[in-house]
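[1] how does the following fold in three dimensions:
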Amino acid sequence: MTDGHLQCRQTEEDLRRLDRTHAVLSRCNRSLARALDERALLNAFCANLVEVGGYGFAWVGYAGERHGAPLRLEGHAGRGDAAFAAAVLAGANGDDRRSACRVACEAGAPVILRDLSIPCALAPWAAAALDQSYRSMIALPLRADQTAPFGNFSIFADTRDAFDVPEVALLAELADDLAFGIQTVRTRDAQAQAVRRLRNDAEREARGHLAATLHDGVGQTMQALNLGLKQARALAEHGETVPVALLDRLIDEAGEALRELRAVSCELRPLFLERLSLLDAIRHQCNETAQRTGINIQVSATDCAFTLDDQVKEQCFLAFREALSNAVRHAAASRIDVLLRVRTNDRLILAISDNGRGFDTHPTGAGPAGLGLCMIQERAVGVHGRSCVRSSPSKGTIVRICVPLTKEPILCL
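    Prediction:
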């Protein structure tokens, strides 16, 4: 075979390898979008490199917080599986700790070993790799933003000199995507934990409010009613006429207890939702709020019919009520506009905007968003929807709640 034919075959092989790497990038991007937790994300990336990219083995290790701390195995896939991963990890955490993966972590740059059959201090696990027919490897640092690397992403190939310049560039991009995905999952988990804490606080507050209402309101009224009934019974037992004024007072107290119970029930779940459409329920709530607060509240809606599952309807209304309550309590607004519309017959969009004081939606602190906004988002997500807030100081606030009319979840607004 001539040199030209050999060069052509090599070029074709390089192109095939790059195509596989591009396919890995595409598959890993889907894994990023679908990842539910950090460990699943790491294993998905490693599996994609082996199953789609054709590499022999891939693993992810995290570095400790202090310099020189042992690496921790977090995810892997490929031939040899856990046994080979353990051998590589043992080599990385050996006495000299100068393996390729550790150097990549410390230097913040890729380390490539092009021929594992050649003795190298950076490959203390070379014998185990050769036993699995691995002939070359690359260790890529995992870095969040401009901080020091927090781990490494190592890949083993079955051929010598498997990582050329274009492929290294693509794999480095993949490592950056993985680092970004890890940070995103961690941020999302931290936010979810914060929301759960806020929700638990809200539930405790609601239970406390309910207990106080029942004790101080309904309880006191019922106690007075009980005393009045005992007084009426004592009069009747002695053959005396029960005064009409006493009966009127007892009727008033019973009515007051009933109103207080209805108010508590309505706060937990508005009864009018069962007989009103979502739009009519929103109008009812806005009219009641406008009369109580004096704020000019306008409701407008597109003229189109739609149906909502009862649960979706309830959660959408409760999210709307929370947004309206936030505007009334915190915005110091003189006008609130509520817009309801259906987009392309697949989603319902509800926007609540005010001309109030607004706020910074990108605070510098690390704390979670306010409880009200978190509860709005949680209610929307609970029925496969989304919510977003747009605001800036002195320019009012817009809260958009989007819920699906179909069974498909909404991925973005």
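[2] run the chain-centre distance for the helix or strand containing residue 112.
    Using DSSP states H and E, residue 112 maps to strand 111-113. On the basis of CA atoms, centre = their mean, to the nearest Å, strand 111-113 is displaced by 37 Å from the centre of the chain it belongs to.
[3] just checking, what packs against the helix or strand following it?
    Going down the chain from strand 111-113, the next helix or strand is helix 126-131, by DSSP H and E. Packing partners of helix 126-131 (3 or more CB pairs under 8 Å, 6 or more residues apart in numbering; DSSP states H and E): helix 81-92. C-beta coordinates here come from the backbone N, C-alpha and C atoms, glycine included.
[4] compute the inter-axis angle for the very next helix or strand once past the helix it packs on and helix 81-92.
    Using DSSP H and E, the next helix or strand after helix 81-92 towards the C-terminus is helix 100-107. When axes from the mean of the first three to the mean of the last three CA atoms, to 10 degrees is applied, the directions of helix 100-107 and helix 81-92 differ by 60 degrees.
[5] what pLDDT, on average, does helix 100-107 get?
    Helix 100-107 comes out with an average pLDDT of 87.
[6] does anything pack onto the strand holding residue 112? Which helices or strands?
    Strand 111-113 packs on helix 100-107, strand 136-142, going by 3+ CB pairs under 8 Å, 6+ apart.
[7] most tightly packed of the ones you listed?
    strand 136-142 (a mean of 25; mean count of other CB atoms under 10 Å).
[8] quick one, it and helix 100-107 angle?
    Counting by the same axes, to 10 degrees, strand 136-142 lies at 30 degrees to helix 100-107.
[9] using CSV, list the CA coordinates for strand 136-142.
    Below are the C-alpha coordinates for strand 136-142, written out as CSV (Å, rounded to 0.1, in the frame of the first residue of the first chain):
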residue,chain,number,x,y,z
SER,A,136,-3.2,5.9,25.6
MET,A,137,-5.1,8.3,27.9
ILE,A,138,-5.9,11.9,28.6
ALA,A,139,-6.7,13.6,31.9
LEU,A,140,-8.7,16.8,31.7
PRO,A,141,-9.2,19.2,34.6
LEU,A,142,-12.7,20.1,35.9
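[10] in its sheet, what does the very next helix or strand once past it sit against?
    On the C-terminal side of strand 136-142, the closest following helix or strand by DSSP H and E is strand 151-157. Using DSSP bridges, the strands paired with strand 151-157 are strand 57-62 (antiparallel), strand 136-142 (antiparallel).
[11] how about those strands in TSV, adding mean pLDDT?
    Output for the strands paired with strand 151-157, formatted as TSV (pLDDT from 0 to 100):
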stretch	mean pLDDT
strand 57-62	92
strand 136-142	93
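[12] of all those strands, which one comes closest to residue 247?
    Taking CB to CB, strand 57-62 is the member of the strands paired with strand 151-157 nearest to residue 247, at 76.2 Å.
[13] which stretches of the stretch 151-300 of the chain form strands?
    In the stretch 151-300 of the chain, the strands defined using DSSP state E, counting those that start in this stretch lie at 151-157, 296-301.
[14] and the shortest one, what does it pack onto?
    Spelled out, it's strand 296-301. helix 278-293, strand 335-343.
[15] before we move on, the earlier item: now the strands paired with strand 151-157 as JSON lines including distance to residue 191?
    Formatted as JSON lines, these follow (distance: least, CB to CB, whole Å):
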{"stretch": "strand 57-62", "distance to residue 191": "21"}
{"stretch": "strand 136-142", "distance to residue 191": "21"}
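[16] the strand holding residue 112 pairs with which strands, and in what direction?
    Strand partners for strand 111-113, identified by DSSP bridges, are recorded as strand 136-142 (antiparallel).
[17] give me the contact list for the strand it pairs with.
    60, 100-101, 103-105, 107-116, 123, 129, 149-157, 159-163, 168, 171-172, 174-175, 178-179, 182 (CB atoms under 8 Å, 6 or more residues apart in numbering).
[18] any of these buried? List them.
    60, 100-101, 103-105, 110-114, 116, 123, 129, 149-157, 162-163, 171-172, 174-175, 178-179, 182 (16 or more other CB atoms under 10 Å).
[19] to residue 259, which of the strands paired with strand 151-157 lies closest?
    Closest to residue 259 of the strands paired with strand 151-157 is strand 57-62 (CB to CB; 59.5 Å).
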